[in-house]
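Novice: with the input below, show me the fold.
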Amino acid sequence: MLQVPKKIFVILTLLLCIALGILYWLQQSSHQHNQITLYGNVDIRQVEAAFYDTGRIVTILVQEGDNVKKGQLLAQLDPVRFQELIKQQQALLAAQQQLLNRLRNGSRPEEIEQARSEVSSAKANLINTQITYERQLELVKKQYVPKQNVDNALAAFITAKANLNHAQQTLKLALEGPRKEDIKAAEQQLKSYQSALALSQQELLDANLYAPESGVIENRILEPGDMVTPQAAVLTLALDNPIWVRAYIPETSLGLIHPGMPAEINSDSYPNQPFAGWIGYISPTAEFTPKNVETPELRTQLVYQVRIFACNTNHRLRLGMPITLHINLTDKLNSHLGNDPCSK
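Specialist: Numbering: from 1, shown residues only. This is a model prediction of the structure:
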């Protein structure tokens, strides 16, 4: 009689285990239908930082692995050549400014008085030469002097008239001042020197190399003492915030995801420490599965590249790191991302 309840208990236990197993299987099946799992690798963007001008590097202020902020000074060229060019442009600008001031101010009062005095002197000389000519003309009629004296007096009289006319025109120019065209030309030349000075000052600023974005110094390509050109990179800057994971989704699952959907990023380097991400890009072009991603059987399937972005403020996710992605299809879109979600 005691064995019957024991058999019943064993049977009930087995039935309970079977029921729990079925329930677990149903839950897992439902979970799999609500979630997509993808596999990929961390990728980042890189910037080859270079100077705007040619010169010799005098200092590099960062080392490989240093975290830098946008606008931080990274390296410098020898500034002597740029500084001397600025001094030259400043001197040319100052000289042209004085020339323009002189043209705008016109003739000085002393110059006008000098011109008037020359006119008076020319008038007096004209009167004297006229009297001399008339006197010599009377004397030659009486044959007291040779005719050559008359010719000399006439030449002196004509010269005096020309000198008076020249002096009068000089006085007129002094009173009117410089031509408007000359002033305009001087003003344009001044603007040219101002632009040249501004360009020289900018070239001096460009002798400093600043970080174009926040990131990590990945490589020091050149060292102090090296000659550089604008085409030669000095430093390689890794832009690792945000990072993105390159993954591939089958064509059959493409309609289940949308840009902005949240995703969970998992790395073997940080077990049980998922990173929050979001779908930032879905390729418009289908391709065959890359050979380094799937097995030979799956390489013939059409897939689409997706990029899952994530903020990396602690710099824990690194280039090439293998990643497992989980996309919960029941999650709504992230409407709060904005243009730069990692700056918050």
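
Novice: who touches the residue most central in space within the chain in this structure?
Specialist: Nearest to the geometric centre of the chain sits Pro212, at 8.7 Å (C-alpha atoms, centre = their mean). Listed by C-beta atoms under 8 Å, 6 or more residues apart in numbering, the contact partners of Pro212 are 47, 49, 70, 237. For the C-beta atoms, the positions are set from N, CA and C on the backbone; glycine is no exception.

Novice: assign a three-state SS to Gly320, would you?
Specialist: Put simply, Gly320 is coil when judged by DSSP: H, G, I helix; E, B strand; the rest coil.

Novice: tell me how far the ends of stretch 218-235 are from each other?
Specialist: Across stretch 218-235, the terminal residues are separated by 8 Å (C-alpha to C-alpha, to the nearest Å).

Novice: what are the buried residues along that stretch?
Specialist: Neighbour-count burial for stretch 218-235, counted by 16 or more other C-beta atoms under 10 Å, picks out 218, 220, 222, 228, 233-235.

Novice: quick one: which of those is nearest Ser253?
Specialist: Glu218 (34.6 Å; C-beta to C-beta).

Novice: how close does that closest one sit to Tyr52?
Specialist: To Tyr52, Glu218 is 21 Å away according to C-beta to C-beta, to the nearest Å.

Novice: try Thr252
Specialist: On the measure of C-beta to C-beta, Thr252 and Tyr52 end up 51 Å apart.

Novice: kindly report the domain assignment for the protein.
Specialist: 35-44+240-343, 85-202 (automatic domain parsing).

Novice: hey, which strand is longest across this protein?
Specialist: strand 270-288 (DSSP state E).

Novice: just the mean pLDDT for that one, thanks.
Specialist: Mean pLDDT, computed over strand 270-288, is 89.

Novice: now swap in stretch 50-69 and tell me
Specialist: Stretch 50-69 comes out at a mean pLDDT of 95.

Novice: what of stretch 126-139?
Specialist: Stretch 126-139 comes out at a mean pLDDT of 84.

Novice: let the chain start at 737 from now.
Specialist: Sure, I'll start numbering at 737, so the last one becomes stretch 862-875.

Novice: can you mark which positions in it are buried?
Specialist: In terms of neighbour count (16+ other C-beta under 10 Å), stretch 862-875 has its buried residues at 862, 865, 868-869, 872.

Novice: how far is the top helix by length along the chain from where the chain is centred?
Specialist: As assigned by DSSP state H, the longest helix anywhere in the chain is helix 845-877. Helix 845-877 has its C-alpha centroid displaced from the chain centroid by 71 Å (C-alpha atoms, centre = their mean, to the nearest Å).

Novice: with stretch 869-884 instead?
Specialist: Taking C-alpha atoms, centre = their mean, one finds stretch 869-884 lying 88 Å from the centre of the chain it belongs to.
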